[in-house]
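S.K.: Mind folding the following:
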Amino acid sequence: MAELVTDALRCQPSCAAPLAEIVHKKTSGNPFFVTQFLQTLADERVLSFDLGALRWNWDL
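M.R.: Now for the predicted structure:
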C-alpha cells in the first residue's frame with residue numbers, strides 16, 4: 001500500500017507512510033478502492049497539490 005500511495009503522490013515512502021496506513025484501513029488494500037478513495041480525498045480538498053512547492057499535501 002505504501003508503494004501505491006508513494007507512486008500516486010510522487011513522494012518519499014517515509015512521507016507517504018501515515019497516509020498509506022489510513023488508506024489501507026479504509027480500503028482493505030483493494031487497488032480500485034484506493035484510487036477512488038484518493039480521488040475522494042482530492043475532491044474534498046483533504047488531499048491537494050501545492051503548485052508553489054510542487055508536492056501533494058494532506059490533512060490526516
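
S.K.: Report the separation between D59 and L38.
M.R.: From D59 across to L38, the span is 14 Å (C-beta to C-beta, to the nearest Å). Bear in mind the C-beta positions are built from the backbone N, C-alpha and C, glycine included.

S.K.: Compare these two (neighbour count), which wins?
M.R.: L38 (21 against 9; other C-beta atoms under 10 Å).

S.K.: Could you count how many residues lie near the nearest residue to that one once chain neighbours are set aside?
M.R.: Excluding its sequence neighbours, the residue lying closest to L38 (C-beta to C-beta, 6 or more residues apart in numbering) is A8, at 6.1 Å. When neighbours are defined as other C-beta under 10 Å, A8 has 17 of them.

S.K.: ok, now the one 5 residues further on?
M.R.: Residues lying near P13 (other C-beta under 10 Å) number 12.

S.K.: Show the model's pLDDT score for the nearest residue to it once chain neighbours are set aside.
M.R.: Nearest residue to P13, sequence neighbours excluded (C-beta to C-beta, 6+ apart): T6, at 5.1 Å. pLDDT for T6: 93.
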